[in-house]
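> Quick one: sequence and predicted model below, then my questions.
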Amino acid sequence: MIDESLQWRKEYTVNDLTESVLPKWLFENGSLFLHGYDKEGYKLFWFRVKHHTRDPKQQLEKKKLVAFWLEHYAKRDHGKPLTVVFDMAETGISHIDLDFVRFIVNCFTDYYPNFLIFSAKIVIFEMPWIMNAAFKIVKGWLGPEAISMLKFTNKSDVQEYISGEYLPPHMGGTDSFKYSYPPLVDDDFQTPLCENGPITSEDEHESKEEIDADTKESGELSEEQNLNQKKMNSIEQISKSEETDKTEIKPKNAKKALTTFKGPLLHISPAEELYFGSKETGEKKCLIVLTNVTKNVVAFKVRTTAPEKYRVKPSNSSCEPGTSLDIIVSLHGGFAASLQDRFLIMAAEMDQSSGAGVPELTQFWKEVPRTKVMEHRLRCHVIESSKPSSLTLKENAFNIPAKTNEDLHIQLTRLLQINKRLQEQIDRCLWFQQLSVVLSLLSVTVVAFCFYLAYTQRS
């Protein structure tokens, strides 16, 4: 299997596939792309079948495009599961290409098996009846586990797997996303509103209302909850100090976090997830700590897939060498965090002569080469708890993570990969052992034959 995989990667030059290598028309066609998330929080890999036509001359380039997207996702999200969507609306016989479909199936079953495990799905939307026979052939290529992932849907039931916000109108959704190239689709990340946004005053008003509401609730607490009330007051004081810090973008010592992503330019805490409370628990703020580990000023900016929900301060600034800086992410209005929400932190080193003002940063991001930009993604995690809100606030204020199904799934995937590598090493050891035995037997045979020849010559 390993030899076959290496041969496949060599045949399609997977390690060298980039946007510049592939023909531009492949990306402009829009038949394959990554965009949005299903209800489990898994990335959607779209195959819009109506934009695909059979052409033997273009088949190799199209297969390389599939490999490009899968490798791009594997490197970016470290092999997390994918949900594949075959959008077969407005398709017919002219769009049937069993060779291409078989290539896609083999990519998932043989070369990227981690993408289709556990609760991942293959969603097939509005498959024409005329393609039933062709799909019976496709099922024969899939194993029983992959067949169980097939979900045949139409406009009335597709939202059982994908929420309407990530479905286009022709599938009954409200997603206004329209594929276009360039640039390469990148999760539709946008810059969130920050201190200069149009709704800052509303945020301040809401924060005051939240504090007043907390005060009223604390007055209604029983004597048994006095201890929790004191703890909550200390948390409110920390929150107020963070609000005061918002007026200045000064580096400060990083708060001790349990997880840290150690990048070449910045160390980022937390490493993977921002923990928000549900509407019931009420926690609406999270802290991201950036630490500059270079000898130069590092410019950074924060983007999100849901800019209407979040306020980030600062969202576009710089960090001095060897210092740390806090970024406060807060939910706006009545919005609640979602598992599908993502944040993208982009960072790049600046020249010593460059200024750190808004005009300089704007110009810097226009000119900096993409190859010199460090990117790191964070996902949101919503904590559902039956505990009193004061205790949940205390836990969330310090971003204490809890084991989730997704965390356990990632750990299990890693264990399976380690187990696979160990099995391969054992197989290699057994092969060498068998080879050693054969060579030993061969040596003994040769020695015995030599003795036999010497004996016969004497006699």
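That came in fine, so what should we check first? Numbers count the residues shown, from 1 in each chain.

> all helices of the stretch 101-250 of the chain, in order?
With DSSP state H, counting those that start in this stretch, the ranges of helices along the stretch 101-250 of the chain come out as 132-141, 144-149, 200-219, 226-245.

> I'd like to know which of those has the weakest mean confidence.
Mean pLDDT values for those show the minimum at helix 200-219, a mean of 42.

> Counting residues, name the longest helix you see in this protein.
Longest helix in the chain, counting residues (DSSP state H): helix 405-458.

> Any idea how far that helix is from the middle of the chain?
Averaging C-alpha positions (CA atoms, centre = their mean, to the nearest Å) puts helix 405-458 40 Å from its chain's average.

> Contacts for stretch 72-88, please.
Here stretch 72-88 makes contact (CB atoms under 8 Å, 6 or more residues apart in numbering) with 34, 38, 40, 42-50, 95, 104, 108, 112, 114-128, 131, 161-162, 171, 377, 409-410, 413. For every residue, glycine as well, the C-beta is placed using N, CA and C.

> Return the subset of those lying in strands.
Assigned to strands by DSSP state E, the following of those qualify: 34, 43-48, 122-125, 377.

> Would you check which pair of these lies furthest apart?
Across the ones in strands among the contacts of stretch 72-88, the longest distance by CB to CB is 28.5 Å; it joins I124 and R377.

> Looking at these two, which one has more neighbours?
It is I124, of I124 and R377, that has more neighbours when counted by other CB atoms under 10 Å, with 22 against 16.

> Is it correct that the more buried one is in contact with N154?
No. Judged on CB atoms under 8 Å, I124 makes no contact with N154 at a distance of 9.8 Å.

> where in the stretch 251-400 of the chain is pLDDT low?
251-258, 278-283, 353-355, 384-400 (pLDDT under 70).

> Could I get the full set of helices for it?
358-367, 389-397.

> Of the contacts of stretch 72-88, keep whichever come out buried.
With neighbours counted by 16 or more other CB atoms under 10 Å, those contain buried members at 34, 38, 40, 42-49, 95, 104, 108, 112, 114-117, 120-128, 131, 161-162, 171, 377, 410, 413.

> looking at this, F86 is in a strand?
Yes. Inclusion of F86 in a strand is indicated when DSSP: H, G, I helix; E, B strand; the rest coil is applied.

> could you measure it against K178, distance?
According to CB to CB, to the nearest Å, F86 stands 19 Å off from K178.

> So those two - more neighbours on which side?
F86 (21 against 7).

> Name whatever forms a beta bridge with that one.
F47, I124 (DSSP bridges).

> I'd like to know how many residues surround K139.
With other CB under 10 Å as criterion, K139 counts 11.

> And for D99?
By other CB under 10 Å, the residues close to D99 number 10.

> and if you look at L167?
Neighbours of L167 using other CB under 10 Å come to 23.

> Next up, the contacts around the closest residue to it other than its chain neighbours.
Leaving out its chain neighbours, the residue that sits closest to L167 by CB to CB, 6 or more residues apart in numbering is G173, at 2.4 Å. Residues in contact with G173 (CB under 8 Å, 6+ apart) are 159, 162-167.

> Now do the phi/psi pair for G173.
Per-residue torsions, G173: phi -100, psi -170 (degrees, to the nearest 10).

> Roughly how far does it sit from F125?
11 Å.

> Would you mind listing the residues in contact with the residue nearest to N296 when sequence neighbours are not counted?
With sequence-adjacent residues excluded and distances taken as CB to CB, 6+ apart, N296 is closest to E349, at 4.7 Å. When contacts are counted by CB under 8 Å, 6+ apart, E349 touches 265, 294, 296-299, 372.

> right, and out of these, which lies closest to I383?
The closest of those, once distances to I383 are taken by CB to CB, is L265, at 30.2 Å.

> pretty sure that closest one contacts M374?
Yes. Using CB under 8 Å, L265 is in contact with M374, at 4.8 Å.

> Which one's more surrounded, those two?
L265 (22 against 16).

> Need the phi and psi values for that one.
According to degrees, to the nearest 10, L265 has phi -110, psi -40.

> Pull up the gap between the closest residue to T305 other than its chain neighbours and L6, please.
Distances taken as CB to CB, 6+ apart place R342 nearest to T305, at 4.7 Å, with adjacent residues excluded. Shown here: R342 relative to L6, a distance of 32 Å by CB to CB.

> I figured I137 hits L98, correct?
Yes. Under the criterion of CB under 8 Å, I137 makes contact with L98 at 6.3 Å.

> Scan the contacts of G173 and report the most crowded one.
Greatest neighbour count in the contacts of G173, by other CB under 10 Å, goes to I162: 26 neighbours.

> Flag the shaky bits of the stretch 51-200 of the chain, pLDDT-wise.
In the stretch 51-200 of the chain (pLDDT under 70), the answer is 77-79, 116-120, 142-143, 145-146, 185-200.

> Can you report how many residues neighbour E160?
E160: 11 neighbours (other CB under 10 Å).

> Now it: closest residue in space, sequence neighbours ignored.
Nearest residue to E160, sequence neighbours excluded (CB to CB, 6+ apart): T153, at 7.5 Å.

> buried residues in stretch 370-384?
Buried residues in stretch 370-384 (16+ other CB under 10 Å): 373-374, 376-383.

> just the CA coordinates of it, formatted as PDB?
The C-alpha coordinates for stretch 370-384 follow below in PDB (Å, rounded to 0.1, in the frame of the first residue of the first chain):
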ATOM      1  CA  ARG A 370       2.100  35.100   0.000                       C
ATOM      2  CA  THR A 371       5.000  32.700   0.500                       C
ATOM      3  CA  LYS A 372       6.300  34.900   3.500                       C
ATOM      4  CA  VAL A 373       2.900  34.900   5.300                       C
ATOM      5  CA  MET A 374       2.500  32.500   8.200                       C
ATOM      6  CA  GLU A 375      -1.100  31.300   8.600                       C
ATOM      7  CA  HIS A 376      -2.800  29.600  11.600                       C
ATOM      8  CA  ARG A 377      -6.400  28.600  12.000                       C
ATOM      9  CA  LEU A 378      -8.500  28.400  15.100                       C
ATOM     10  CA  ARG A 379     -11.900  26.800  15.400                       C
ATOM     11  CA  CYS A 380     -14.700  27.600  17.900                       C
ATOM     12  CA  HIS A 381     -15.900  25.300  20.600                       C
ATOM     13  CA  VAL A 382     -19.200  25.800  22.400                       C
ATOM     14  CA  ILE A 383     -19.300  24.600  26.000                       C
ATOM     15  CA  GLU A 384     -22.700  23.200  27.000                       C
END
